[in-house]
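> only geometry, no sequence info:
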C-alpha cells in the first residue's frame, strides 16, 4: 500500500470530495502530508424549484452565502447581480473570495468566520428580509436567529451534500495512520458523519489524532467525541489549520 501521504506528520482532511488540494499545499509548507477522507460529495441543484428559490432569495435586503460551494452553485443557476441598497454577506473569507470571483466586489465577511461572527454583523441585527443561499442541513443557528430577529427568511438550497461511504482504501489508510497526526476540523457535519456512521475503526483512528479546530464550537464537539488534544485555530482557512496543526506537532 502506498505510504507517500505520510511524511514527518500527517494532516487529516474531512473536506468534500475534490476539495483537499488547498489543505494539502498548506500541510506541505509545514513539512506534512495529507490523508484525504471525503465523507460526502457536493452536488449543485439544477431544478426549477431551486432556480425560483434563488431568484427570490436574491431580492432580499441582505443576501447571505454560507460557503464557496453555495456561491458556485448559485452562479451556475443565474448571474449574481446585487441591487442598489442590498447587503451581500459571506460566512467566511473563502465565500467572500468566491463572490468576488463571481463579480460581487462589495461582499463582506466577519473577522470571526463562523455562524456567530456572521450574526454579529450590523447588517443582520434587524433586517427586514434575508436571502440565505446554502444547502440543506448545517448552520441551523443562522436561520433560527434571523427569524427570531424578525427577518423574513428566503432560503435557497442550491446544492446538496451527498454522503459517501468509506472506501476500503480509506479505511486501510486510517488503520495505517501513525502518530503524529492532526485532524483539520472545519465542519461539524463532516465529523459527525464519520464518527456516527462510518465503521468503528474510523472513529478509533481519529481518536488517535490531535485536532486543529476552526472554532471554539467545533473544538467542543471534537472533545465530546473523545478527541484530544484539541487546539482552536480561530480560522477555517487551510493556512491557519495547517499552522495550528504544525504547532501541535511541535509541542508533543
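Arrived safely. Everything numeric here is computed off the predicted structure, so don't read it as measured data. Numbering: from 1, shown residues only.
> For residue 205, which three-state class applies?
Classification of residue 205 by DSSP: H, G, I helix; E, B strand; the rest coil places it in helix.
> That one reaches residue 174, doesn't it?
Yes - between residue 205 and residue 174 there is a contact at 4.0 Å, judged by CB atoms under 8 Å. All C-beta spots, glycine's among them, are computed from the backbone N, C-alpha and C.
> Run through the strands of the stretch 1-150 of the chain in chain order.
Secondary structure of the stretch 1-150 of the chain (DSSP state E, counting those that start in this stretch): strands at 9-13, 32-36, 40-44, 62-65, 87-90, 129-134.
> Stretch 88-103 spans what distance, first to last residue?
12 Å (CA to CA, to the nearest Å).
> what's the distance between it and the middle of its chain?
14 Å (CA atoms, centre = their mean, to the nearest Å).
> Also stretch 152-163?
On the basis of CA atoms, centre = their mean, stretch 152-163 sits 14 Å off its chain's mean C-alpha point.
> end-to-end on it?
Stretch 152-163 has its terminal residues 31 Å apart, counting by CA to CA.
> What residues sit buried inside it?
Across stretch 152-163, burial judged by 16 or more other CB atoms under 10 Å covers 153, 154, 155, 156, 157, 158, 159, 160, 161.
> can you list the residues that contact that stretch?
Applying CB atoms under 8 Å, 6 or more residues apart in numbering, the contact partners of stretch 152-163 are 16, 39-45, 50, 53-54, 56-60, 69-70, 73-74, 77, 128-138, 143, 146-147, 189, 193, 197.
> change it to 7 Å
Stretch 152-163 is contacted by residues 39-45, 50, 53-54, 56-57, 60, 69-70, 73-74, 77, 128-137, 143, 146-147, 189, 193 when judged by CB atoms under 7 Å, 6 or more residues apart in numbering.
> PyMOL command for the buried members of the residues you listed?
In PyMOL syntax, the buried subset of the contacts of stretch 152-163 is picked out as below (16+ other CB under 10 Å):
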select buried, resi 39+40+42+44+45+50+53+54+57+60+69+70+73+74+77+129+130+131+132+133+134+135+143+146+189+193
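> returning to what we had before: now render the buried residues of stretch 152-163 as TSV, adding pLDDT, distance to residue 87 and secondary structure.
Converted to TSV, the buried residues of stretch 152-163 look like this (pLDDT from 0 to 100; distance: CB to CB, whole Å; DSSP: H, G, I helix; E, B strand; the rest coil):
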residue	pLDDT	distance to residue 87	secondary structure
153	97	15	strand
154	98	14	strand
155	97	17	strand
156	98	16	strand
157	97	21	strand
158	98	19	coil
159	97	22	strand
160	96	26	strand
161	95	27	strand
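> one step back: tabulate the strands of the stretch 1-150 of the chain (CSV), appending mean pLDDT.
Below are the strands of the stretch 1-150 of the chain laid out as CSV (pLDDT from 0 to 100):
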stretch, mean pLDDT
strand 9-13, 96
strand 32-36, 95
strand 40-44, 96
strand 62-65, 98
strand 87-90, 96
strand 129-134, 98
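> As a markdown table, those strands with distance to residue 233 would be great.
Output for the strands of the stretch 1-150 of the chain, formatted as a markdown table (distance: least, CB to CB, whole Å):
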| stretch | distance to residue 233 |
| --- | --- |
| strand 9-13 | 12 |
| strand 32-36 | 15 |
| strand 40-44 | 22 |
| strand 62-65 | 22 |
| strand 87-90 | 19 |
| strand 129-134 | 23 |
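> what about the stretch 1-150 of the chain, any weak spots by pLDDT?
Where the stretch 1-150 of the chain drops to pLDDT under 70, the residues are 1-7, 139.
> Fine by me, we can end here.
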